[in-house]
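Chemist: Okay, structure incoming, though there's no sequence with it:
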């Protein structure tokens, strides 16, 4: 298997955040990780990116433990887009994207015109070439996010990990970014693993979906099999209706009411409705 | 400004070369001018005659014949002093640039880690206990300063360490705490030394001065400052990336813990060497990186060499001022750098308000 998470336990201090998580990801797959707050989504991403060492088990990339791979080698294979990117001092957007070339440029050399071309291409794809010369500190959150994705693209890696990649983006850039990532995964076999807050966005674009709950995998598999009423209810305690959109052919959900209906507002509304 | 724009990105390296050339020229000119400054003024033509007499420019330019006294003042007193100034300025500025990057804090400088205080305590101990036996004293001060600096750097690093990583905040706080403790021990020492000769020697050394610098001292510390100043440039791209944060730097292939160890070792070594010969000269490591950053931009591949050369120039200028403001008295250069540097720093901060997150 291209990337496999082999039964990892992860803990912060003494709290176990991930429990025996097992996962197989094929090359070119588009994987979405969803789940309620505190379910361990970001922790799982950190374990995969070798930022966090699992207490038990290992993450294997092409059968090699990611923790045994040198950082510079790993950076050629795996790019990470964090939730937020900020930098001290007035580096331009171009400078930041060029930092993505770091694993490819020898310590004793400067970047070549090939590196400049890769950076320009990455910035063109993410629509941020127009503010290439502006200081990153002066960009909006959405613009910064696109710069961060361009930087990851410039790494020319085979895996890209993203932590809520669309959270700061307007709807048009959300769709553009997701379209771009899926195109890349289709055309260049880029493996995308991303954490999502927006369930419908995840359901629309991801081929594989993973639902985490309390540090364990609740469900994993093809999007249509995982994105079900029952799974949503178990994970989020929300009654939902799942439909398939005729144009996109992908599932989407409408949250109806909180599943714990006897002790909250929607429960009261329900009883009111019943009286009438 | 000299900042590099996207459309001329490919010309960047040649423009960087130009910047370095301009800075070297400035350093050279400032050094020549500062050679004629001091209690006994030596005209510029004579300075050139003494320096380059060996290659017989006399015949071409018909330069005035300098006296042997003038030659001695120039070659044995002022020249080593100017070289010492260059070395100290280069070391402190390099330390400032590196610390500001590694700690991702624009206010960090060589003093924040307590490295300077450690060197100072080592030096003061040497003066307090060993200066009576003079021959031993000359070697003991620099040696003890090295020892103090490296022990402090090691101690701060160990104290700040949590598990296998060294969080920046804990490193900064340990540095400040250790620095305060060491400074008070230095102050305490002042009560127990001979008030007539040792006290004066210690106070002068602590204030920071480049007076009475000998060639022996300059030659002894030169490799310890110059070699790190060259080596540290190979980590310039890593220092850029570290500014994104340690975790992200890791994702881009930077081995953050070994980078920290490497560059902190290099800078500690050169800062200790600088403190050993000059005492504590403040504000250089803070001001010079900021001035150069405004001129050449934040990229460490140009910022580091620029700050090293610029720091050398800065120090030569301020030492010339120290010699000439109030003759025949020579003011301690550390006082002048602090008095001039502080307000200038505030001016820069106001002008570029919003650019620095402090």
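Modeler: Arrived safely. Predicted model, so just to flag it, every value in this text is computed and none were measured.
Chemist: per-residue confidence averaged over stretch A:106-125?
Modeler: Mean pLDDT, stretch A:106-125: 90.
Chemist: let me fix that: stretch A:63-73
Modeler: Averaging pLDDT along stretch A:63-73 gives 93.
Chemist: Which residues are in contact with the closest residue to chain B within the stretch 101-250 of chain A?
Modeler: Taking C-beta to the nearest C-beta, chain B has its nearest neighbour within the stretch 101-250 of chain A at residue A:103, 4.0 Å off. C-beta coordinates here come from the backbone N, C-alpha and C atoms, glycine included. Counting by C-beta atoms under 8 Å, 6 or more residues apart in numbering or on different chains, residue A:103 touches A:72, A:73, A:75, A:76, A:155, B:252, B:253.
Chemist: if I pick the fifth one, what's in contact with it?
Modeler: Yep, that's residue A:155 we're talking about. Going by C-beta under 8 Å, 6+ apart, the list of residues near residue A:155 reads A:75, A:76, A:79, A:100, A:101, A:103, A:104, B:252.
Chemist: ok, the fifth one - contacts?
Modeler: Applying C-beta under 8 Å, 6+ apart, one finds that residue A:101 lies in contact with A:111, A:115, A:118, A:119, A:154, A:155.
Chemist: Recalculate using a threshold of 6 Å.
Modeler: Residue A:101 makes contact with A:111, A:115, A:154, according to C-beta atoms under 6 Å, 6 or more residues apart in numbering or on different chains.
Chemist: swap in the second one?
Modeler: Listed by C-beta under 6 Å, 6+ apart, the contact set of residue A:76 reads residue A:103.
Chemist: Give me the nearest residue to residue 221, chain neighbours excluded.
Modeler: By default, I'm working from chain A. residue A:208 (6.8 Å; C-beta to C-beta, 6 or more residues apart in numbering or on different chains).
Chemist: The intended chain is chain B.
Modeler: residue B:273 (4.1 Å).
Chemist: Residue B:113 should be in a helix, yeah?
Modeler: No - counting by DSSP: H, G, I helix; E, B strand; the rest coil, residue B:113 is not found in a helix; it is coil.
Chemist: how many other residues sit next to it?
Modeler: Residues contacting residue B:113 under the criterion other C-beta atoms under 10 Å in any protein chain shown number 31.
Chemist: got the residues of chain A near chain B?
Modeler: Neighbours of chain B within chain A, by C-beta under 6 Å from any C-beta of the partner chain: A:51, A:71-72, A:75, A:80, A:82, A:87-91, A:94, A:99, A:102-103, A:107, A:110, A:116, A:132-133.
Chemist: Filter these down to just the buried residues.
Modeler: A:51, A:71, A:75, A:80, A:82, A:87-91, A:94, A:99, A:102-103, A:116, A:132-133 (16 or more other C-beta atoms under 10 Å in any protein chain shown).
Chemist: what does the stretch 251-358 of chain B put close to chain A?
Modeler: Going by C-beta under 6 Å from any C-beta, the residues of the stretch 251-358 of chain B near chain A are B:251, B:252, B:253, B:255, B:298, B:355.
Chemist: pLDDT weak spots in chain B?
Modeler: Where chain B drops to pLDDT under 70, the residues are B:1-10, B:39, B:53-66, B:130-139, B:163-166, B:168, B:344-345, B:348-358.
Chemist: longest helix of it?
Modeler: Ordering each helix of chain B by length in residues (DSSP state H) puts helix B:134-160 first.
Chemist: all helices for the stretch 1-150 of chain B, in order.
Modeler: Along the stretch 1-150 of chain B, counting by DSSP state H, counting those that start in this stretch, helices occupy B:12-35, B:44-52, B:58-61, B:68-72, B:79-102, B:115-130, B:134-160.
Chemist: I meant to write the stretch 201-350 of chain B there.
Modeler: B:215-231, B:236-242, B:246-251, B:256-278, B:284-296, B:300-324, B:333-351.
Chemist: now what about the fourth one, what contacts it?
Modeler: The list of residues contacting helix B:256-278 from outside it, by C-beta under 6 Å, 6+ apart, reads B:84, B:88, B:91-92, B:95, B:98, B:102, B:110, B:115-116, B:119, B:142, B:145-146, B:149, B:153, B:208, B:210, B:217, B:221, B:224-225, B:228, B:231-232, B:235, B:238, B:246, B:249-250.
Chemist: now do the first one
Modeler: Judged by C-beta under 6 Å, 6+ apart, the contacts made with helix B:215-231 from elsewhere in the structure are B:80, B:83-84, B:87, B:90-91, B:94, B:266, B:269-270, B:273, B:277, B:308.
Chemist: Count the neighbours of residue B:282 for me.
Modeler: Number of residues near residue B:282 (other C-beta under 10 Å) recorded here: 21.
Chemist: got the phi/psi numbers for it?
Modeler: Main-chain torsions, residue B:282, degrees, to the nearest 10: phi -90, psi 170.
Chemist: Does it touch residue B:338 like I think?
Modeler: Yes - with contact defined as C-beta atoms under 6 Å, residue B:282 and residue B:338 form a contacting pair (4.8 Å).
Chemist: Up against chain A, what does the stretch 51-200 of chain B have?
Modeler: residue B:104.
Chemist: List the buried residues in stretch B:183-193.
Modeler: Buried-residue list, stretch B:183-193, by 16+ other C-beta under 10 Å: B:183, B:186, B:189, B:193.
Chemist: Any chance of TSV for these, columns distance to residue B:12 and secondary structure?
Modeler: Formatted as TSV, those follow (distance: C-beta to C-beta, whole Å; DSSP: H, G, I helix; E, B strand; the rest coil):
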residue	distance to residue B:12	secondary structure
B:183	43	helix
B:186	45	helix
B:189	50	helix
B:193	54	coil
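Chemist: The residue nearest to residue A:221 contacts residue A:31, doesn't it?
Modeler: Yes - counting by C-beta under 6 Å, residue A:208 touches residue A:31, with 4.6 Å between them.
Chemist: quick one: the strands in the stretch 101-250 of chain A?
Modeler: Along the stretch 101-250 of chain A, counting by DSSP state E, counting those that start in this stretch, strands occupy A:159-163, A:191-195, A:208-213, A:216-222, A:238-244.
Chemist: contacting residues for residue A:147?
Modeler: Contacts of residue A:147 (C-beta under 6 Å, 6+ apart): A:93, A:96, A:128.
Chemist: 10 Å instead?
Modeler: Residue A:147 makes contact with A:85, A:92-97, A:100, A:122-123, A:126, A:128, A:131-132, A:134, A:136, A:139, according to C-beta atoms under 10 Å, 6 or more residues apart in numbering or on different chains.
Chemist: that older thread, list just the nearest of the contacts of residue A:155 to residue A:255.
Modeler: Nearest to residue A:255 among the contacts of residue A:155 is residue A:79, at 32.9 Å by C-beta to C-beta.
Chemist: Could you check how far the spatially closest residue to the closest one that is not a sequence neighbour is from residue B:316?
Modeler: Distance criterion C-beta to C-beta, 6+ apart; nearest residue to residue A:79, sequence neighbours excluded, is residue A:152 at 3.7 Å. Separation of residue A:152 from residue B:316 (C-beta to C-beta, to the nearest Å): 45 Å.
Chemist: One more: residue A:75?
Modeler: In terms of C-beta to C-beta, residue A:75 sits 42 Å off from residue B:316.
Chemist: now swap in residue B:93 and tell me
Modeler: 12 Å.
Chemist: Which one of the two is surrounded by more residues?
Modeler: Neighbours per residue (other C-beta under 10 Å) separate residue B:93 from residue B:316, with residue B:93 holding more: 32 against 27.
Chemist: In contact with the more buried one, which residues?
Modeler: Contacts of residue B:93 (C-beta under 10 Å, 6+ apart): B:109-110, B:229, B:284-289, B:291-292, B:304, B:306-315.
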